[in-house]
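Student: the sequence and its predicted three-dimensional model are supplied below.
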Amino acid sequence: MSDKPAKKPASKKSPVGYTPEQTNQDIASAVPDPEGRAPITLINVREGMFSGANDTSGFGGLVKAVQMPGSSERPYGEWFDGVVDMLEELLGEDAEEAFEYVVVDRGELTIYVQRDHLLTVMTHLRDDQDLRFEFCLGVSGVHYPDDLGRELHAVYPMHSITHNRHIRIEVAVSEDDPHLPSITSVYPANNWHERETWDFFGMIFDGHPSLARIEMPDDWVGHPQRKDYPLGGIPVEYKGATIPSPDTRRQYR
């Protein structure tokens with residue numbers, strides 16, 4: 001569109017043209033969405049491969065903006081509108097509260113759902129004949145430390161064997177209140193996936209039959225896949241043997 005603002009000059013420091021001092025509004029106005037959606041949301045500006053002092057990747061000088069696409073507008077395209085329409089019809093007057101927003105990005109549909117409505121949405125996805133998402137491929141955790149009040153995201157990839165369709169359900173909770181319902185009553189195979197997400201990210205799945213660590217020792221402190229967890233510097237113990245921590249085993253230049 002001709003009325004889009006011009007892109008700001010690229011910073012010499014950053015290969016993507018942003019500096020940590022620029023605000024979310026600066027970057028959103030500098031880079032209008034080419035597909036006409038809401039402005040791109042800046043989650044963070046990451047310095048180094050892992051954004052920490054213990055970066056052992058060799059990419060310590062990398063500066064990159066972490067961005068999320070904004071809410072998409074209808075029509076979503078393909079069969080996406082039909083899936084959202086059916087869910088809204090099944091949810092009735094609760095639909096507006098249940099859905100935070102819908103994102104269509106890179107040919108994929110993601111529906112952001114409020115945690116209080118997650119079980120109802122999942123049940124409709126499984127049972128309705130026009131949806132029939134019989135298979136939930138688990139749940140993955142994501143940690144956005146700067147997404148205040150929504151730092152922890154649970155991501156559910158869904159597959160319909162009947163209709164050969166893929167969608168994604170996503171739920172965001174805060175670090176201070178990391179509770180969301182377990183969906184094992186709807187998709188029992190999520191049992192181990194929820195345990196793993198609890199283990200690594202600290203999200204608490206209420207109603208899980210046995211929410212215990214699955215990878216780390218039972219007495220492990222913290223959740224090691226959160227971005228504020230220290231990278232390296234932790235010695236590995238295995239059957240009485242001690243392996244030096246990664247940052248002491250190799251020199252990175």
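Tutor: That came through fine. Residues are numbered from 1 along each chain as shown.

Student: where do the strands sit along the stretch 151-253 of the chain?
Tutor: 152-160, 165-173, 179-181, 204-206, 236-238, 241-243 (DSSP state E, counting those that start in this stretch).

Student: closest to Asp81 out of these?
Tutor: strand 165-173 (12.3 Å; C-beta to C-beta). Quick note: C-beta positions are derived from backbone N, CA and C, even for glycine.

Student: mind splitting this protein into its structural domains?
Tutor: 1-70, 80-206 (automatic domain parsing).

Student: lowest average pLDDT across these?
Tutor: In terms of mean pLDDT, the lowest-scoring of the domains of the chain is domain 1-70 (a mean of 54).

Student: where does the closest residue to Trp192 other than its chain neighbours land on pLDDT?
Tutor: The spatially closest residue to Trp192, leaving aside those adjacent along the chain, is Ile214, at 6.2 Å (C-beta to C-beta, 6 or more residues apart in numbering). As predicted, Ile214 sits at a pLDDT of 93.

Student: hang on, Ile214 packs against Asp199?
Tutor: Yes - with contact defined as C-beta atoms under 8 Å, Ile214 reaches Asp199; the gap is 5.3 Å.

Student: quick one, which of those two is more surrounded?
Tutor: Asp199 (20 against 16; other C-beta atoms under 10 Å).

Student: pretty sure the more buried one is touching Glu215, no?
Tutor: Yes - between Asp199 and Glu215 a contact is recorded at 5.3 Å, counting by C-beta under 8 Å.
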